[in-house]
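Participant: I would like to see how this sequence folds:
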Amino acid sequence: MADTQDSTNVELATELTIAWLSNPNTRASSEEVPSFLQRMHDAVSSLTAPAPEPEVTTDPEHMPAVSVRKSLASKDHIISMIDGKPYKTLRRHLSTHGLTPDEYRARYNLKPDYPMVSDTYSETRRDMAKKIGLGRKPRVEAGEPATGDPASQAPEAAAPTRGRRKLGIATG
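Facilitator: Residues are numbered from 1 along each chain as shown. Below is the predicted model of the structure:
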């Protein structure tokens, strides 16, 4: 069967070479024809060869460098289960390994609430944010009207009218 396949490939490569040479726009010398025929044969052989079976790649079992308990033992850092090194935050470290926090948690069978930032670093950032005023509404000064308050933007519309006109009673 291999002989018939090879002879079919040779015939097909020869026909392609003849078609190439019969094109009036092709300018080829006699020295180029054998190399072109060989390239055609190689191309046809690679196309007709059975495709190699794709290797089944299973996810390798990822062994954590440290235990979950040890990774969270310190409030100053979290120890990475990938390389066993301490980090204040794991997000950048995970991105260098092509992982998201959810993929990291799934890889090492961690709970969804497993932290990505150490406690001390989180407290430091929280204190800094409070100090500069993040998360609070802006203070209203005594002389300035508050933005977004409809009564302060149109004082005449908010003031009640006096008299009988307010009730819709005609006076005569």
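Participant: For the closest residue to His77 other than its chain neighbours, give me its contacts.
Facilitator: Nearest residue to His77, sequence neighbours excluded (CB to CB, 6 or more residues apart in numbering): Pro86, at 3.7 Å. Where you see a C-beta, it was placed from the backbone N, CA and C, and this is true even at glycine. Taking CB atoms under 8 Å, 6 or more residues apart in numbering as the criterion, Pro86 is in contact with Ser74, Asp76, His77, Ile78, Ile79, Ser80.
Participant: now Thr100
Facilitator: Thr100 touches Leu94, counting by CB under 8 Å, 6+ apart.
Participant: pLDDT weak spots in the protein?
Facilitator: 1-3, 51, 53-60, 141-172 (pLDDT under 70).
Participant: what sits up against the helix or strand containing Arg92?
Facilitator: Per DSSP states H and E, Arg92 falls inside helix 91-96. Defining contact as CB under 8 Å, 6+ apart, one finds that helix 91-96 is touched by Ser80, Ile82, Tyr87, Thr100, Pro101, Glu103, Tyr104, Met116, Val117.
Participant: Need phi/psi at the first one.
Facilitator: So that's Ser80. phi -70, psi 140 (degrees, to the nearest 10).
Participant: And stretch 113-122, what's buried?
Facilitator: Tyr114, Val117, Ser118, Tyr121 (16 or more other CB atoms under 10 Å).
Participant: In a markdown table: the residues you listed, plus secondary structure.
Facilitator: Below are the buried residues of stretch 113-122 laid out as a markdown table (DSSP: H, G, I helix; E, B strand; the rest coil):
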| residue | secondary structure |
| --- | --- |
| Tyr114 | coil |
| Val117 | strand |
| Ser118 | coil |
| Tyr121 | helix |
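Participant: Doesn't Ile82 lie inside a helix?
Facilitator: No: counting by three-state DSSP, Ile82 falls outside a helix, being coil.
Participant: how close does it get to Leu16?
Facilitator: 52 Å (CB to CB, to the nearest Å).
Participant: Kindly state the beta-bridge partners for the residue nearest to His77.
Facilitator: Ile79 (DSSP bridges).
Participant: Now for the chain: which helix has the highest residue count?
Facilitator: Determined from DSSP state H, the single longest helix within the chain is helix 2-22.
Participant: what packs against that one?
Facilitator: Judged by 3 or more CB pairs under 8 Å, 6 or more residues apart in numbering; DSSP states H and E, helix 2-22 is in contact with helix 32-48.
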